[in-house]
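Asker: pasting a predicted model and its sequence here:
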Amino acid sequence: MLDEKQTSHDAEEDPRNLDTKVYVNGEIVHRDEAKVSVYDSGFMLGDGMWEGMRLYNGKWAFFEEHMDRFFGSCHAVSLDVGMDRAGILDALNRTAEANGMTDNAHCRLMLTRGKKAKPYQHPSLSRSGPTLVIIMEHSKPSAALQTRGITLATVPQVRGLPMSQDAKYNSHSKLNCVLACIQAQQVGADEGLMLDPHGFVNTTNACNFFIVRKGAVWTSTGDYCMAGVTRQKVIDLCKANDIPVYERNYSLYETYSADEAFMTGTFGAQTPVGVIDGKKIGNGERPVMERIQALYKDLIRADTGATL
């Protein structure tokens, strides 16, 4: 068994999460009663797409951007969502209301090709329509992570070329990333730093990745990583606030000698990275990341009216 590690998705313990309600194809039931068929294409094949979103002040932050990615991914793999954006928003809001959630909540919206007539991969065997599930939790990211930071290890598993499985899809098929995380944990790290097919620094197994060098923010070209909503918000904030930012190829050499490193994602926004491959990153001070965090909170306030 792998030793327990901290993760980029650690949250403060909240006992209310043991009693939450889950949306399953229009019905909202207690989490212990939420079920999908063993014939479901998501369970059987990982055939589906998902989206993570955060709720602030009763409003889903950057809803339209998340729906752009969700509907775009589903369209690309000929997966019928079965409803429009307004229908998705209604399902999300119904689930939030059933759980009494208005703030500091995170959801995982999952859509699969649905129940199959036979246990085989051909998509034509999914004949009952899509399966839509929404899981919501009271979720305040762990404050301890902001002090300690995540420890990463570079792993042999890579995010591959688009013609194998495009990393821009937020797909249920996450074995590639799970293997990367296992490889990192087996050498004592929290999570994995994944390279692109050409050996340049790309992403982590769960989040987009940035470094800071001499006040400038660097991230990958975006060719081989998830099309992160938070990633794009950080890039846009840097451009709008005179923080130099570059989407470029760079190697582990530049990464090890960076002044700061951090990850981005909907769950934790910006999470610092303290150590990579046993090498401490910078001197422990993170002025650029902290400025970006403040700007990002302002953006959340503007989008949702939240008081953070």
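Answerer: Arrived safely. Residues are numbered from 1 along each chain as shown.

Asker: which residue is nearest the centroid of the protein?
Answerer: With distances taken as C-alpha atoms, centre = their mean, the residue of the chain nearest its centroid is residue 265 (5.0 Å).

Asker: next, count neighbours for the residue nearest to residue 291 when sequence neighbours are not counted.
Answerer: Spatial nearest neighbour of residue 291, excluding adjacent residues (C-beta to C-beta, 6 or more residues apart in numbering): residue 243 at 7.2 Å. In this view, the C-beta of every residue, glycine as well, is placed from N, C-alpha and C. Residue 243 has 18 neighbours, counted by other C-beta atoms under 10 Å.

Asker: give me the beta-bridge partners of the residue nearest to residue 128 when sequence neighbours are not counted?
Answerer: Distances taken as C-beta to C-beta, 6+ apart place residue 115 nearest to residue 128, at 4.5 Å, with adjacent residues excluded. Taking DSSP bridges as the rule, residue 115 bridges to residue 40.

Asker: now do the domain split for the protein, please.
Answerer: 17-138, 143-304 (automatic domain parsing).

Asker: over to the shortest one now: how far is its first residue from its last?
Answerer: If I follow you right, that is domain 17-138. One end of domain 17-138 to the other measures 6 Å (C-alpha to C-alpha, to the nearest Å).

Asker: hang on, the earlier thing: now the phi/psi pair for the residue nearest to the residue nearest to the centre of the chain when sequence neighbours are not counted, please.
Answerer: Nearest non-adjacent residue to residue 265, counting by C-beta to C-beta, 6+ apart: residue 207, 4.1 Å away. Note on residue 207: backbone dihedrals following degrees, to the nearest 10 are phi -140, psi 160.

Asker: neighbours around residue 207, how many?
Answerer: 26.

Asker: ok so residue 294 is a helix residue?
Answerer: Yes - Residue 294 forms part of a helix when assessed by DSSP: H, G, I helix; E, B strand; the rest coil.

Asker: check the gap between it and residue 287 for me.
Answerer: 11 Å (C-beta to C-beta, to the nearest Å).

Asker: which ones are touching the residue nearest to the centre of the chain?
Answerer: 8-9, 52, 206-208, 228, 230, 271 (C-beta atoms under 8 Å, 6 or more residues apart in numbering).

Asker: can we see that at 7 Å?
Answerer: 8, 206-208, 228, 230 (C-beta atoms under 7 Å, 6 or more residues apart in numbering).

Asker: helix or strand for the residue nearest to residue 291, just tell me which one.
Answerer: Secondary structure assignment for residue 243, by DSSP states H and E: no helix or strand.

Asker: try residue 261
Answerer: Element membership for residue 261, per DSSP H and E: strand 260-265.

Asker: from the contact counts, what lies against the following helix or strand past that strand?
Answerer: Next along the chain after strand 260-265, taking DSSP H and E as the criterion, comes strand 269-276. For strand 269-276, the packing partners by 3 or more C-beta pairs under 7 Å, 6 or more residues apart in numbering; DSSP states H and E come out as helix 143-148, strand 150-154, strand 260-265, helix 287-304.

Asker: how close does the spatially closest residue to residue 263 that is not a sequence neighbour get to residue 86?
Answerer: Nearest non-adjacent residue to residue 263, counting by C-beta to C-beta, 6+ apart: residue 207, 3.8 Å away. According to C-beta to C-beta, residue 207 and residue 86 sit 30 Å apart.

Asker: same check, this time on residue 105
Answerer: 20 Å.

Asker: right, so the helices and strands packed on strand 269-276: which one is the most enclosed?
Answerer: strand 260-265 (a mean of 26; mean count of other C-beta atoms under 10 Å).

Asker: and the average pLDDT for that one is what?
Answerer: For strand 260-265, mean pLDDT rounds to 97.

Asker: for that strand, which strands pair with it and how are they oriented?
Answerer: Assessed with DSSP bridges, strand 260-265 is paired to strand 208-213 (antiparallel), strand 269-276 (antiparallel).

Asker: what helix or strand is residue 55 on?
Answerer: Counting by DSSP H and E, residue 55 is found in strand 48-56.

Asker: just the helices in the chain please.
Answerer: Using DSSP state H, the helices of the chain run over 41-45, 63-76, 85-98, 143-148, 162-165, 175-185, 229-240, 252-256, 287-304.

Asker: average pLDDT for the second one, rounded please.
Answerer: Along helix 63-76, the predicted confidence averages to a pLDDT of 97.

Asker: and if you look at the first one?
Answerer: Here the mean pLDDT over helix 41-45 is 96, rounded to a whole number.

Asker: so what's the residue count around residue 15?
Answerer: 7.

Asker: quick check: the gap between it and residue 97.
Answerer: 20 Å.

Asker: what's the answer for residue 136, then?
Answerer: For residue 136, the distance to residue 97 - C-beta to C-beta - is 10 Å.

Asker: looking at these two, which is more packed in?
Answerer: It is residue 136, of residue 136 and residue 97, that has more neighbours when counted by other C-beta under 10 Å, with 24 against 13.
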